[in-house]
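> Let me see the structure of the following:
(chains A and B)
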Protein chains: 2
Amino acid sequence: MSSVICSESLNWLYRGTHEIFPNQLNSTHPEDNLAQLLNQCDRPLRVKLGIDPTGSDIHLGHSIPFRKLRAFQDGGHIAVLIIGDFTAQIGDPTGKSEVRKQLTPEQVQANAKDYLNQLRPILDFDTPGLLEIRYNSEWLSELNLGKIQELLATMTVGQMLAKEGFAERYKQENPIFLHEFLYPLMQGYDSVMIDADVELGGTDQKFNIAVGRDLQRHFGKRPQFGLLLPILMGTDGTQKMSKSLNNYVGLKEDALSMYSKLEKTPDVLLKDYFELLTNLPLEHILDNPRESQKQLALEVVSQYYSQEVALTAQKTAEELVKNRSTASAEAVLEYSLSDVEFPAKLFYILNASGLCDSSGEGRRQIQGGSVRLEGEKITDVNLSFDTPEELQGKVLQVGKKKFIKLV
Amino acid sequence: MSSVICSESLNWLYRGTHEIFPNQLNSTHPEDNLAQLLNQCDRPLRVKLGIDPTGSDIHLGHSIPFRKLRAFQDGGHIAVLIIGDFTAQIGDPTGKSEVRKQLTPEQVQANAKDYLNQLRPILDFDTPGLLEIRYNSEWLSELNLGKIQELLATMTVGQMLAKEGFAERYKQENPIFLHEFLYPLMQGYDSVMIDADVELGGTDQKFNIAVGRDLQRHFGKRPQFGLLLPILMGTDGTQKMSKSLNNYVGLKEDALSMYSKLEKTPDVLLKDYFELLTNLPLEHILDNPRESQKQLALEVVSQYYSQEVALTAQKTAEELVKNRSTASAEAVLEYSLSDVEFPAKLFYILNASGLCDSSGEGRRQIQGGSVRLEGEKITDVNLSFDTPEELQGKVLQVGKKKFIKLV
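Residues are numbered from 1 along each chain as shown, chains lettered A, B, ... in the order given. Predicted structure coming up:
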């Protein structure tokens, strides 16, 4: 059983936090003020965070609330991960939403497993009692019409239509289907069922978390606090981080790729990235922006790999840049994959691109540990790729001086 | 098994009918035109009518769709009565509606039984295969969140808010609770589950019946027709018949009371009442309004009792009027109940009002069969009343010449 670690300072709570609600600073009542509740130190709080298992590729933007969740764990509190398997298995009944396509239980399981694996570097999976993983089908599949009617009756159409997103759509006469009103209520009911003390989410989750408070009150429970975290900007510095905008750093990316993207973090984002993605004291940020970028990249890669791997990535990246700038004076540094027939073995590409003189030499170079792809050492002689997309834009390297960019 | 009676004329269908939809007169397709479907004569149609078992006192206004349902039965079609026990047992989750208070299964059963008993004079309960009684908890209690989500997803907020009733409330910013959107869908789902070909209802049911059509289509079934009947005006001739407005004729009322109310039917309502409450050819309505009123009263009372009882009621009513007009020349014809302590025995009131010289004489007069209340013979010597309201406005009578109006 976990025990609460009582610390005077709540810096860990406020760091990067956009809003906590309710937050009646004048009140000393622990129901109005999360700091009061934490300072009571009488029991571990149950801190809820939901996971949508319709996808599993997560990026640094997604990591923000999980990092806050970890901070609660470090204080001895219980992270309760809710896997929204119920909704994922239903999908969008109108069939209009690509995002909400119906998944089989097996797909949901696989996505959830992959998702959780990516969270391993962030959350404390090991200390007994600090992590609870729940699937919301456990209670949502048990709901009957009577109970659903009770949930619906806690809200009015006006309240629902005031929600950001709905309001504009209704005004613009874009159809809002009635079942969409169920989602906030289902999320809220999750809070009831797991007795959440705090729910974490992005700033876009305020409405849904507030619905959870209402439902908890309706069912005679103590309403949760909402803790909202900012939406992370993408590496382009202009839009929120998103896979579709290709301005993201994925948690599955290799160390070199992660490092290379982060060391180019735009100056305007440096403070936010430090605050949200690391635990480094902000006054330690270096004055030199170029050095700060490296410091950030090193720190973040260390979290997901290790300091050693991060340092290697840094070194490789520096070498890549050095060689590229040297090589840029030379002839062709790019090799077009359009002539390669896929699936294709890597040793074949080593030969075809001219990095090696034959496929045989390609095999030997791999065996000898001299071949790297995007800085990562390749050890599998028979490594094969199904599509050119898996390679496009990546740097293939033999030894320390022979590079080619695959295009 | 019932067999369809094929008749050329569809007068029975159109009599008093406000609207049938869809009604594409130019189409010969039986899905567009109920007359076409009926004229195919290939199978008995399933004709749905819902009963709300939150109450059981029904009046002539409620009888209109049941009378139409009987007309379908007479044509060999199947009356499917849906008893809305599910909703009645849930009640209104907001607790705000008096009408939708939560009932126990026993209360629902009792109400439904009482309701059905009052329908016995209207519907054909005896011919095998012509009547099906279904409780909608049979399927509604089985609905899970996935299915309910599917139902909700068939409609948009805009469609629902366009519904009469919702539209005004939303405009006036009167709260509409989300669960209210479920009622039309539940009613519609009933149509899916019982494979309704036609649903009957008042003109206020158009939206709900149309939702049933949509849901049937959604579940791959043939959509039902809607047949809408007018809302009956009350005996005051100004507002729709309603218990709370006291302008109603209840199906539980005794023959004399029914007769007395109907023989005062306002002239402007005579044609409607004949059309909706009787099967008499409209050209048979007498020219003399006074005689028409009697004809109507006699005919309707005959339906719920018998021609014999109706004729007796007519006779008693006439005697009451005669005696009242004679008596009106005499002294006090009213007796105020304000001095009587309730509960009160009838023999006590007979004495207190001066109709009898003592309570003992009152008892003997009851035993002797000489006492009538509103023309109905009283035989229970110990008959007692709990409140003055049960007696106010009624005529108490001993023998043929002693009357008093209780006020």
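> Just give the closest residue to the residue nearest the centre of chain A, not the sequence neighbours.
In chain A, the residue lying closest to the centroid (C-alpha atoms, centre = their mean) is residue A:62, at 2.7 Å. Spatial nearest neighbour of residue A:62, chain neighbours left out: residue A:251 (7.8 Å); criterion: C-beta to C-beta, 6 or more residues apart in numbering or on different chains. Yep, even glycine has a C-beta here, placed from its N, CA and C like the rest.
> Run a quick neighbour tally on that neighbour.
As a burial measure, residue A:251 scores 22 neighbours (other C-beta atoms under 10 Å in any protein chain shown).
> follow-up on the earlier one: what helix or strand does the residue nearest to the centre of chain A sit in?
Using DSSP states H and E, residue A:62 maps to helix A:60-74.
> what's the residue of the stretch 301-407 of chain A found nearest chain B sitting at in phi/psi?
At 35.1 Å from chain B, residue A:389 is the closest residue in the stretch 301-407 of chain A, using C-beta to the nearest C-beta. The phi/psi pair for residue A:389 (degrees, to the nearest 10) reads phi -60, psi -30.
> Quick check: the gap between it and residue A:114.
20 Å (C-beta to C-beta, to the nearest Å).
> how about residue A:199, secondary structure?
strand (DSSP: H, G, I helix; E, B strand; the rest coil).
> ok, now how distant is it from residue B:32?
53 Å.
> Settle it for me: which of those two has more neighbours?
Remark: of residue A:199 and residue B:32, residue A:199 carries more neighbours, 29 against 15, as counted by other C-beta under 10 Å.
> how much space is there between the more buried one and residue A:40?
Using C-beta to C-beta, residue A:199 is found at 19 Å from residue A:40.
> Kindly report the same for residue A:127.
Note on residue A:127: its distance to residue A:40, by C-beta to C-beta, is 22 Å.
> Least confident secondary structure element in chain A?
Least confident helix or strand of chain A, by mean pLDDT, DSSP states H and E, is strand A:334-335 with a mean of 79.
> What mean pLDDT does stretch A:120-139 get?
Stretch A:120-139 shows a mean pLDDT of 96.
> Just the CA trace of it, in PDB.
Extracted in PDB, the C-alpha atoms of stretch A:120-139 (Å, rounded to 0.1, in the frame of the first residue of the first chain):
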ATOM      1  CA  ARG A 120       6.500   2.900 -19.300                       C
ATOM      2  CA  PRO A 121       9.200   5.600 -19.300                       C
ATOM      3  CA  ILE A 122       6.800   8.200 -17.900                       C
ATOM      4  CA  LEU A 123       4.700   6.500 -15.200                       C
ATOM      5  CA  ASP A 124       5.700   4.400 -12.200                       C
ATOM      6  CA  PHE A 125       4.500   0.900 -13.100                       C
ATOM      7  CA  ASP A 126       6.500  -0.800 -10.400                       C
ATOM      8  CA  THR A 127       5.700   0.600  -7.000                       C
ATOM      9  CA  PRO A 128       2.900  -1.500  -5.700                       C
ATOM     10  CA  GLY A 129      -0.400   0.400  -5.300                       C
ATOM     11  CA  LEU A 130       0.500   3.400  -7.400                       C
ATOM     12  CA  LEU A 131      -1.100   2.400 -10.600                       C
ATOM     13  CA  GLU A 132      -4.600   1.200 -11.400                       C
ATOM     14  CA  ILE A 133      -5.600   0.400 -14.900                       C
ATOM     15  CA  ARG A 134      -9.300   0.100 -15.600                       C
ATOM     16  CA  TYR A 135     -11.400  -0.600 -18.700                       C
ATOM     17  CA  ASN A 136     -14.600   1.400 -18.700                       C
ATOM     18  CA  SER A 137     -16.600  -1.300 -20.400                       C
ATOM     19  CA  GLU A 138     -16.500  -2.800 -16.800                       C
ATOM     20  CA  TRP A 139     -19.300  -0.400 -15.800                       C
END
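> which of the residues in that stretch are buried?
In terms of neighbour count (16 or more other C-beta atoms under 10 Å in any protein chain shown), stretch A:120-139 has its buried residues at A:121-123, A:130-131, A:134-137, A:139.
> now do stretch A:232-246
Within stretch A:232-246, the residues that count as buried by 16+ other C-beta under 10 Å are A:232-235, A:241.
> Mind putting those residues into CSV with distance to chain B and secondary structure?
Below are the buried residues of stretch A:232-246 laid out as CSV (distance: C-beta to the nearest C-beta, whole Å; DSSP: H, G, I helix; E, B strand; the rest coil):
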residue, distance to chain B, secondary structure
A:232, 31, coil
A:233, 33, strand
A:234, 33, coil
A:235, 37, coil
A:241, 31, coil
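> tally of neighbours for residue A:108?
Per other C-beta under 10 Å, the neighbour tally for residue A:108 reads 21.
> check contacts around it.
With contact set as C-beta atoms under 8 Å, 6 or more residues apart in numbering or on different chains, residue A:108 has these partners: A:53, A:83, A:85, A:88-89.
> and of those, the nearest to residue A:407?
Top of the list for closeness to residue A:407, among the contacts of residue A:108 and by C-beta to C-beta, is residue A:53 at 34.9 Å.
> Against residue A:107, how distant is that closest one?
Taken as C-beta to C-beta, the span from residue A:53 to residue A:107 is 8 Å.
> neighbour-wise, which of these two wins?
More crowded of residue A:53 and residue A:107, by other C-beta under 10 Å: residue A:53, with 24 against 17.
> Look at the more buried one and give its secondary structure.
For residue A:53, the reduced secondary structure class is coil; criterion used: three-state DSSP.
> Make sure it is actually in contact with residue A:82.
No. Judged on C-beta atoms under 8 Å, residue A:53 makes no contact with residue A:82 at a distance of 10.3 Å.
> buried stuff in the longest helix along chain A?
In chain A, taking DSSP state H as the definition, the longest helix is helix A:307-327. Judged by neighbour count (16+ other C-beta under 10 Å), helix A:307-327 contains these buried residues: A:309-314, A:316-317, A:319-320, A:323, A:327.
> List the buried residues for stretch A:399-407?
Neighbour-count burial for stretch A:399-407, counted by 16+ other C-beta under 10 Å, picks out A:402-406.
> List of residues touching it?
A:319-320, A:323-324, A:327, A:333-337, A:349, A:353-355, A:365, A:370, A:391-397.
> can you give me the helices in the stretch 301-407 of chain A?
A:307-327, A:346-352, A:359-367 (DSSP state H, counting those that start in this stretch).
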